[in-house]
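Participant: I'd like to go over a predicted model; first the sequence, then the structure.
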Amino acid sequence: MTATMAEHVVTIAQDMFTAMIDGEPGLLTDRADDVVVLADPVRAWVEIQGEPSVWTVVTTGRDTADRIARALLAMGPTEPVAVEDLRDALGEIANVIGGNLKGLMTGSNALSLPVVTLDDTQPDGDLVWERALQWHEAPLVISVWEPDTTTDAKEDTQ
């Protein structure tokens, strides 16, 4: 993955949040210099299967994941978010970002189904690129990984 392609990920995410979640631009901002540590992480990822294969991973805190799900699913601001709805919403975010990134890659590639975890589980592999973003004052991290082909990451069963 080239640095130029990685920079496209930020624009892809910002455009997607404008179109699908916020309805207005500028609410997902780049925080490139920030180091983010999340106490209650939710991760969603898809694999772009090709040469090379990469994982596109979206990570945020549980409260932010709930807010994203509410916005994406047109729910009320205090409406409880079921785990299935959270998985669907965050999986869709990873799927859209991964699908757009797939379109920038050369060769014949396929996109896996999204995996969403509600714990510290993440794909096995090597970090290629990571960017901290901020949505409504809350951190959201997008990263790209080269998969470790010797093991499969397990999906959380919560």
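Facilitator: Alright, I've got the coordinates. Numbering: from 1, shown residues only.

Participant: only C-alpha atoms for contact and neighbour calcs from this point on.
Facilitator: Noted.

Participant: Contacts made by the longest helix seen in the chain with the rest, please.
Facilitator: Taking DSSP state H as the criterion, the chain has its longest helix at helix 83-104. The set of residues external to helix 83-104 that reach it, using CA atoms under 8 Å, 6 or more residues apart in numbering, is 5, 8-9, 12-13, 16, 43-48, 55-58, 65-66, 68-69, 72-73, 109-111, 113-117, 158.

Participant: Pull out the buried residues from that helix.
Facilitator: Judged by neighbour count using 16 or more other CA atoms under 10 Å, the buried positions of helix 83-104 are 85-102.

Participant: for the record, mean pLDDT for that helix?
Facilitator: Rounded to a whole number, the mean pLDDT of helix 83-104 is 94.

Participant: Quick check: beta-bridge partners of the spatially most central residue of the chain?
Facilitator: The residue lying closest to the centre of the chain (CA atoms, centre = their mean) is V58, at 2.1 Å. On the basis of DSSP bridges, V58 takes part in beta bridges with A44, I142.

Participant: so who does it touch?
Facilitator: With CA under 8 Å, 6+ apart as the criterion, the residues that contact V58 are 43-45, 90, 93-94, 140-143.

Participant: can you rerun that using 10 Å?
Facilitator: V58 makes contacts with 13, 42-46, 90-91, 93-95, 97-98, 116, 130-131, 140-144, as judged by CA atoms under 10 Å, 6 or more residues apart in numbering.
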